[in-house]
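1. here is a sequence together with a model predicted from it:
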Amino acid sequence: MTTITTTATTTATEPVDQAVRHYDRFLAEHYTWMLGGDLDALAAVQRDSLAAWGVTPESAAGPVAGALAVDLGCGPGHTSLALAGLGFDSVLAVDLSRPLLGELAAHAIHLPAVRPVRADVRTALRELVRPGSAEAVVCLGDTLTHLPTRGDVAALFADVAAALTPGGTAVFGYRDLTVPLTGTDRFLPVRATEDRIMTCFLEYPDDYNDYTVVVHDLIHTRDTDGAGADTGATADPDADPDPDADWTLTTHSYRKLRLSHAWVLEQLRTAGLWVRHEESGAGGMRTVVLERARAGRSRSRSRSRSQSRSQSRGQDSDQ
């Protein structure tokens, strides 16, 4: 038997709170599981990626004492852990989700470099980071599409450029949802284990034209307690799942921005960030690695050197 629990789609009249509520009330408890379930393993993979992209606590002159990195939309913190592992002396981990920040704080209790901070990514850099002081700013995990408007995205790019040291590195990851999916392609399997299954369903409403997409998260969970819940007995965590156990379907919906890659690149150039490397992934996922130009270096020279490094790192990442 399947029990169904649903919640209404959060309306666009609450653009800031809707993503926070979605995570705090629904997705946060599943988020690390959704990514694979092991924060240390996730951090190790992310550390390798960041190193390949040139995200290191060094400048052209060598290692930087007191190097600062900022992780915007840190979630449970695997990227923050990776940045600390790369040698950054201070990692500012910013998010609005209390449960996810709590998970990171518990995991990083012996890593004084990692500082979880509950703050809005739209204002965090201006409020918490001295201009020109960050060696790296990363914003991954589709955080950009959680912002209320495209204007907020463009303003964030400008804030990142202002926060970076000359030659500092920025990395943005986001999903390009501008091309509507149709039919069964709108159902996106996320992860499935013996006691949990997650699927996303995308809906492209007419009310805001091409501005947003409604994301419906559907999570089936199986009752693994079995008879123990009724008898008071402790369930055996190593026991095989009961094939006859009940499943519960829980759903929640929220809106995401639709950001075209061409628009994002144009806004990044406007903010004064030059592309060093780009990657494309499944489901429209995009990763862009950028550099804040050093003083006295022309745009053409910056771009030439950036393209050279991009080709080299791109070959390494493809191997």
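-> Thanks, I have it. Numbering: from 1, shown residues only.
2. show me where the stretch 201-319 of the chain has strands.
-> Residue ranges of the strands in the stretch 201-319 of the chain, as given by DSSP state E, counting those that start in this stretch, are 212-222, 247-257, 273-280, 285-292.
3. residues contacting stretch 86-94, please?
-> 47, 50-51, 55-57, 63, 65-74, 77, 80, 83-84, 101, 104, 113-117, 119, 121, 124, 128-129, 135-136 (Cβ atoms under 8 Å, 6 or more residues apart in numbering). (C-beta placed from N, C-alpha, C; glycine too.)
4. shaky segments in the stretch 151-300 of the chain?
-> Residues of the stretch 151-300 of the chain meeting the criterion pLDDT under 70: 208, 225-243, 295-300.
5. and the helices in it?
-> Assigned by DSSP state H, counting those that start in this stretch, the stretch 151-300 of the chain shows helices spanning 228-231, 261-271, 299-318.
6. now the buried members of the contacts of stretch 86-94.
-> Neighbour counting with 16 or more other Cβ atoms under 10 Å marks 47, 50, 55-57, 67-74, 77, 80, 83-84, 101, 104, 113-116, 119, 121, 124, 129, 135-136 as buried within these.
7. excluding its backbone neighbours, what's nearest Gly36?
-> Leu42 (5.9 Å; Cβ to Cβ, 6 or more residues apart in numbering).
8. now that neighbour: which helix or strand?
-> helix 39-52 (DSSP states H and E).
9. need the phi and psi values for the most centrally placed residue in the chain.
-> Centroid-nearest residue in the chain, with Cα atoms, centre = their mean: Gly141, separated by 1.8 Å. Taking degrees, to the nearest 10, you get phi 70, psi 30 for the backbone angles of Gly141.
10. what does the one 3 residues further on give?
-> Per-residue torsions, Leu144: phi -60, psi -40 (degrees, to the nearest 10).
11. what about it, how many neighbours?
-> Residues near Leu144, counting by other Cβ atoms under 10 Å, number 25.
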